[in-house]
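> What follows is a predicted protein model with its sequence.
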Amino acid sequence: MIPALIVIAYLGVVVYIGVFAFRHAHGSKEVEDYFLANRSLGPFVFLMSLFGTNMTAFSILGSSGHAFANGIVTFGLMASPAALVMPLMLFLVGTRVWALGRRHGFITPVQLFRDRWETSHVGTVIFAVQAVLLVPYVIIGVMGGGTTLSAVSGGRVPYWLGGALVAFVVMSYVFFGGMRGTAWVNTFQTTLFLVFGAVAVLVIGWGMGGFRASVEALAASPQEFLLTRERFSTLDFFSYTFIPLSSIAFPHITIFCLTAERMAHFKRTVIFYPLCLLAIWLPCTFLGVMANRAADVPAIHAKLEARATLATQASASALPAEERAALRTKATGDDVLVQLLNHYAPAWLAGLLAAGIMAAVMATDSQILALSTMFTEDVFAHYEGKARFGEAAQVMTGRAFVIGLTIVAYLIALRVPESIFAIAVQYAFTGYAALAPLLIGALFWRGSTKWGALASTLWVAFGVLGIAVVNSNVPAPPPGQATSVWSLAGQDVIVRTAGGLSVLGFMPVVPMVLVSSLLLVIVSLLTPRPSAATLARYFAD
Amino acid sequence: MKNTLLGLATLALYLLHQDVWFWRSARPFLLGFLPVGLAYHALYCLLASLLMLLLVRHAWPTQLEREADTRDEQHRRP
């Protein structure tokens, strides 16, 4: 129970930082101050907070859980492609978004789209799709909070209470502190995690009798495949390089690009981002893999047994569907990191380390704030709410939205049983990666039009909906098998695998991004461009 | 020319992500415990950071900073 108490004390500190930020801003009623911290973040806070914003429950719990089941491939799937693509996007797109925001006063990406393409309603459609796609991301944060608190307390804090506590804390400091509070909390949390993460690796390594011995033992066991990528398709591996395109298209990242005081602050962020990713993902992936040698941890032993039962195809097929689903849930490794800490670290240290994990889990704050910003700017203010009721009412609406959204996300988190990783990749990441061409088209191609943007956005909406419908209607086959969903001339085009959908061997993100780009180009070429005056404001030459 | 070289370096690094040559090997273990497939991608992150350093040093879009300082008061949002 000591670790849980330390985590709860930590949550208290986080709320204090948020409230302190509120006081610093004198209870701000100004829109740019609440939503963008007055575009005044310094280089250190900008780097740490931007990185912290991306370092979510998905990167910590999801990555170690995925590595537990799939091995070292996890790092190459999500970390190394992001180490190249994410800073590249910040360099190319983030700096332009910052400059345009500073010049034209934009607060959200939809404002940029509306102005750039001379449209109102297409902007509203983009807002709706962005908002719907961001909600799953908020949900995984709440799920991560519930999982972590439940695990560190040995089940004494139930999942529903852990999730509720995290949701309440995040809601509180976002409500009071706005962007300033969120940025300060993220900076504090990222620093905490980087420091305690390093300690965690050493403590767990020591407890397991040294990593060299554990790796050698794993290499000599039937689970050696976890140290290679032999069971993973090269096409799937390639598909994952499309996922980090989502990073810059996520509204909370685009909006965050507007908070830097100077464009020069991007320089350090761009250079150090791959190193921060390495510092977080390498230990998480490695520890996730090593958890397979920690059968002395009872909770992990139970997971390994459940996995072994599922892997035996004959026995897995003989099981009723409900029992198979229960086994899958039991085998999920989202909490292996916490279980390792609980077992190998002393209670007080496990508490501090779990607080570090909690720090990452709570990165959901940025998404909540972004949704609130988008709602108040792209809907409330755009449709005359600000003109009629004033700026203070707009900020108040944003705060009310924070409360409503957090409650809805919490209620959904209680009912969604899927693994954190699957939800994030299948819906939010795929959808946002496919929305990236919109931002790139708006900033770099004068020929892009609102109709091209609309076609691309609708494709994303229906594509993600299609993935969700097929995933929920076609039961997942046992690992290693595939169920044909659609075939053409005897060739399987879409198949359902244990991990999700596959299109001609690729993950859905590949056709989603390619078709989205094609639609933007083809429809834009067929429809009239914005006026010359507008284009002149975006393209100097 | 400089930008072309930087573009080619970026493309090369993107392609180097698909390291099929280490696909089925666990050994050698770097530092005695890091499987080669994992060590390769850790090194890849270091190379990505180096590439970013080159981009920032040699292709930084300074004109954007100048443009941003010229506020568009006529079209600026209220």
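Yes, it's here. Residues are numbered from 1 along each chain as shown, chains lettered A, B, ... in the order given.

> longest helix anywhere in chain A?
In chain A, taking DSSP state H as the definition, the longest helix is helix A:159-207.

> Now do that one, average pLDDT.
Per-residue pLDDT over helix A:159-207 has a mean of 83.

> Go ahead and produce PDB holding the CA coordinates of the helix or strand following that helix.
Of the helices and strands lying after helix A:159-207 in sequence (DSSP states H and E), the nearest is helix A:211-219. The C-alpha atoms that make up helix A:211-219 are tabulated as PDB, following Å, rounded to 0.1, in the frame of the first residue of the first chain:
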ATOM      1  CA  PHE A 211      20.500  -8.500 -17.500                       C
ATOM      2  CA  ARG A 212      23.300 -10.500 -19.100                       C
ATOM      3  CA  ALA A 213      22.200 -13.700 -17.400                       C
ATOM      4  CA  SER A 214      18.500 -13.000 -18.100                       C
ATOM      5  CA  VAL A 215      19.100 -12.300 -21.800                       C
ATOM      6  CA  GLU A 216      21.300 -15.400 -22.100                       C
ATOM      7  CA  ALA A 217      18.500 -17.500 -20.400                       C
ATOM      8  CA  LEU A 218      15.900 -16.100 -22.700                       C
ATOM      9  CA  ALA A 219      18.100 -16.700 -25.800                       C
END
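
> Buried residues in helix A:211-219, which are they?
Across helix A:211-219, burial judged by 16 or more other C-beta atoms under 10 Å in any protein chain shown covers A:211, A:214-216, A:218-219. Quick note: C-beta positions are derived from backbone N, CA and C, even for glycine.

> what packs against the helix or strand that that helix is followed by?
Using DSSP H and E, the helix or strand that follows helix A:211-219 in sequence is helix A:234-239. Packing contacts for helix A:234-239, counted by 3 or more C-beta pairs under 8 Å, 6 or more residues apart in numbering or on different chains; DSSP states H and E, involve helix A:509-526.

> Contacts only, for the residue nearest in space to the middle of chain B.
Central residue of chain B (C-alpha atoms, centre = their mean): B:Ala48, 3.7 Å from the mean position. By C-beta atoms under 8 Å, 6 or more residues apart in numbering or on different chains, B:Ala48 lies in contact with A:80, A:83-84, A:87, A:274, B:13.

> Show me how far the helix or strand harbouring it is from its chain's centre.
For B:Ala48, the enclosing helix or strand under DSSP H and E is helix B:36-58. On the basis of C-alpha atoms, centre = their mean, to the nearest Å, helix B:36-58 sits 6 Å off its chain's mean C-alpha point.

> Go through the helices and strands of chain A and name the one with the lowest mean pLDDT.
Of all helical and strand segments in chain A, the minimum by mean pLDDT, DSSP states H and E falls on helix A:420-423, at a mean of 56.

> Next one, pLDDT for the closest residue to A:Val495 other than its chain neighbours please.
Spatial nearest neighbour of A:Val495, excluding adjacent residues (C-beta to C-beta, 6 or more residues apart in numbering or on different chains): A:Ala482 at 4.3 Å. What the model reports as pLDDT for A:Ala482 is 83.

> just the one 4 residues further on next, same as before
Looking at A:Trp486, its pLDDT stands at 89.

> Is it in a helix, a strand, or coil?
Following DSSP: H, G, I helix; E, B strand; the rest coil, the label given to A:Trp486 is strand.

> what do you get for A:Pro274?
helix.

> So for it, what's the pLDDT?
For A:Pro274, the model assigns a pLDDT of 96.

> Tell me which residues touch it, please.
If you count contacts by C-beta under 8 Å, 6+ apart, then A:Pro274 has A:83-84, A:87, B:45-46, B:48-49, B:52 around it.

> before we move on, the earlier item: which residues does the residue nearest to A:Val495 bridge with?
Beta bridges link A:Ala482 to A:Thr497, judged by DSSP bridges.

> Noted, bye for now.
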